[in-house]
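> Please find the sequence and the predicted model below.
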Amino acid sequence: MSKQTLLSFLKDERASVAIEYLMLTGILGLGWAAAGKEYQNQVVQLFDRVSLSLHRIDF
């Protein structure tokens, strides 16, 4: 891709919308990944606490 082709692509309104869409999708994807990781950590901590509590019970 030549420099001129790239510059004309960036000046094109539809291309600009496509680039904005891709950037927004990427940012939201990173946000969802971070939220999912935090949720996973909370679930693991919950199961650790439940496991520890059940381990202390004498049957």
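Ah, there it is. A quick note: this is a predicted structure, and the numbers were derived from the prediction, not measured. Numbers count the residues shown, from 1 in each chain.
> ok, Ile19 to Phe9 distance?
9 Å (Cβ to Cβ, to the nearest Å). Bear in mind the C-beta positions are built from the backbone N, C-alpha and C, glycine included.
> Then Tyr21?
When distance is defined by Cβ to Cβ, Tyr21 is 15 Å away from Phe9.
> what is the mean pLDDT for the strand or helix carrying Gln4?
Secondary-structure assignment from DSSP states H and E places Gln4 in helix 3-11. For helix 3-11, the per-residue pLDDT values average out at 78.
> Show me what that helix is packed against.
Here helix 3-11 touches helix 13-56, going by 3 or more Cβ pairs under 8 Å, 6 or more residues apart in numbering; DSSP states H and E.
> Tally up the residues packed near Arg49, please.
Using other Cβ atoms under 10 Å, Arg49 has 10 other residues around it.
> Need the pLDDT of Ile57.
As summarised for this prediction, Ile57 has a pLDDT of 82.
> now swap in Gln42 and tell me
95.
> Could you check how far Phe9 is from Lys3?
Phe9 sits 11 Å away from Lys3, going by Cβ to Cβ.
> more crowded one of those two?
Phe9 (14 against 7).
> Distance of that one relative to Gly31?
Between Phe9 and Gly31 the distance is 27 Å, computed by Cβ to Cβ.
> for Val43, same thing?
The separation that Val43 has from Gly31, given Cβ to Cβ, amounts to 19 Å.
> Alright, that wraps it up for me.
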